[in-house]
Structures are given as structure tokens and as C-alpha cells.
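K.L.:
Model the structure of this input:
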Amino acid sequence: MILSVQLYRTRGENASEVGLTDFCQYFKNLKGGCLLWAIALLAAGQSGAITTTYTGQYVMDGFLQLQLPLWLRSIVTRLIAIGPSIFIAAMYPEKLNQLVNIVNALLGLLLPFAFSPLVRYNCTESIMGEGHATKGWEKKIMYLFAITVWGINAMTISIRGGGFFGEITPDMEMSAKKIAVIILEVAIQVLYALWNFKTLFGKIGGTKFHQVDTVDTDEVLGDFVIDSDDEEADDDDQSDALCPGTNEIS
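P.N.:
Residues are numbered from 1 along each chain as shown. Presented below is the predicted three-dimensional model:
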């Protein structure tokens, strides 16, 4: 957003307050800029909706065993996802851009809580099963990505422009309040780092992967055919005993 302001020299606006509601005006000097912006928003929305739909379905059907009709599940999940957003937007219509920026900053901060466990589980044989976990240079690259994601988001907590403590502490005068804020910032950074590195390198407990023995369908079907032949032979013997000479007459 700031780059677009500098590139197209739009005046009379504060780049820090630019958001979804007025971002299009910074592309007016670019032919088809607003159309491209609309397509980008639509594509991002569809990508997020499809991803969360499949994820929610697997979690509800597989992990939670919640067997709901498709129409009921769609209505309930959409209301839970969209309801609070509509409520907040109706309460603060003039602050939508700031609210969206806050949400985006929080999403980045929370990303390691989803990404780091995914990397660790994907690289652990006790969870994925022998021969299915990521190893070698691929594992090192995934761990590097996880640490990089944590490092970038940890920096946003403290640097100016990150939207968190970096926007508060530099302009505060030295006082007990500033010291308390700094202590809170350091505590959050320490806990943030401890959780991330414990997730990536700590011991994993809980349920482990159990290999399920495969069944040879040919052997099962073969036994079934043999048993069926034996049963037919027994039936023929019983019919001969009850009705002697039937086969000769036929």
C-alpha cells in the first residue's frame, strides 16, 4: 500500500490508514487497476473459503464425528465465520480499514501456531509412519521456513511499523508504565520463542502411528471360493442321503 502511494503520488491520504474500502483509488492511474484489485480480492476470498471448507469438513466428519447434513453445516459454519465480522463492521463502519489491518497483523502473528506444528508432524515418523515422514534436505528446508516465519513475525512485535509494541514504546516517556510495557513485550517474545522451538525440537507425546497390516484379497476370495465349493458338496451329499437315486433319475 505504501509503495502504491509513493509510486503514483496520490495526495491527501495517509498511507497508514489505507485499507480495503479505499485502496482502489491508488490504482486509478493504472489502466484496469481497480478491476485487477477486485479480481485479486475475489481470488483471495475463494481460496480462503475453499481451504477452510475442506478443512472444516475433515475436522467435523473425521476428528469430531459430527455427521451433519450439508445444508445445515454450511449455514452454521458460515454464520459463525461471518456473523461476528458483520456485527463489528456495523458497530464501527468508519474504522473498517484499521480493523482489517489489525486482523492482518494478528493473522501473521498467529501463523507459527499453525505452521510450526504442521512442519514438526510432517517430519516425524512416529506420527506419519515409517517411510512417510519428510527427511533429508527437504526436512531442513521446512524447518528453515518455520524458523523464518517465526523470526519475521517476532520482529513485527517490536519494530516500528509492525503494528504492535514498536508503535507504542518508542514515543513513551520513561516511566513505570513504559517499563511495564517493555516487560510485557519481553515476556511475550520469550514465550513466543519458547513455544515455537519446543514445538519444532521438543519431545512429542500422545498417540503414535500404528501400521495396519494389509489384507491379501486374493487369499480371502480364494478361501471363500473353497469354502463355497465344500458347502455345495456337503449339500449334494445331504440331498443324496435324503432322496437316494435323484441324481440318477435326473
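K.L.:
Just give the nearest non-adjacent residue to Leu109, would you?
P.N.:
Leaving aside its sequence neighbours, Leu109 sits nearest to Asn153 (Cβ to Cβ, 6 or more residues apart in numbering; 5.3 Å). The C-beta positions use only the backbone N, C-alpha and C, and glycine is treated the same way.
K.L.:
So, low pLDDT: which residues of this protein?
P.N.:
1-19, 205-250 (pLDDT under 70).
K.L.:
what about the helices in it?
P.N.:
2-8, 33-58, 70-91, 96-122, 125-128, 136-158, 176-201, 217-242, 246-249 (DSSP state H).
K.L.:
In JSON lines, list these along with mean neighbour count.
P.N.:
What follows is the helices of the chain, written out as JSON lines (neighbours: other Cβ atoms under 10 Å):
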{"stretch": "helix 2-8", "mean neighbour count": "13"}
{"stretch": "helix 33-58", "mean neighbour count": "12"}
{"stretch": "helix 70-91", "mean neighbour count": "11"}
{"stretch": "helix 96-122", "mean neighbour count": "15"}
{"stretch": "helix 125-128", "mean neighbour count": "14"}
{"stretch": "helix 136-158", "mean neighbour count": "15"}
{"stretch": "helix 176-201", "mean neighbour count": "13"}
{"stretch": "helix 217-242", "mean neighbour count": "10"}
{"stretch": "helix 246-249", "mean neighbour count": "8"}
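K.L.:
Dump the ones you listed to CSV, plus distance to Phe165.
P.N.:
Output for the helices of the chain, formatted as CSV (distance: least, Cβ to Cβ, whole Å):
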stretch, distance to Phe165
helix 2-8, 20
helix 33-58, 28
helix 70-91, 24
helix 96-122, 12
helix 125-128, 36
helix 136-158, 6
helix 176-201, 4
helix 217-242, 62
helix 246-249, 96
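K.L.:
that older thread, how about the residue nearest to Leu109, what does it touch?
P.N.:
By Cβ atoms under 8 Å, 6 or more residues apart in numbering, Asn153 lies in contact with 108-109, 111-112.
K.L.:
Let me know the distance separating it from Pro112.
P.N.:
Distance of Asn153 to Pro112, given as Cβ to Cβ, to the nearest Å: 6 Å.
K.L.:
do Trp71 as well
P.N.:
Taken as Cβ to Cβ, the span from Trp71 to Pro112 is 36 Å.
K.L.:
And Asn29, by the same measure?
P.N.:
38 Å.
K.L.:
With Leu106 instead?
P.N.:
12 Å.
K.L.:
Ok, Gln65 next?
P.N.:
Distance from Gln65 to Pro112, by Cβ to Cβ: 29 Å.
K.L.:
do Gly83 as well
P.N.:
Distance from Gly83 to Pro112, by Cβ to Cβ: 28 Å.
K.L.:
And for Phe201?
P.N.:
14 Å.
K.L.:
and what of Ala105?
P.N.:
Relative to Pro112, and taking Cβ to Cβ, Ala105 is found at 14 Å.
K.L.:
ditto for His132
P.N.:
24 Å.
K.L.:
Over to Leu41?
P.N.:
Taken as Cβ to Cβ, the span from Leu41 to Pro112 is 26 Å.
K.L.:
Same check on Ile147?
P.N.:
9 Å.
K.L.:
Same question for Thr52.
P.N.:
19 Å.
K.L.:
for Ile204, same thing?
P.N.:
17 Å.
K.L.:
which residues does Gly33 contact?
P.N.:
24, 27.
K.L.:
Hmm, Asp22 is touching Asn97, no?
P.N.:
Yes. Using Cβ atoms under 8 Å, Asp22 makes contact with Asn97 at a distance of 7.0 Å.
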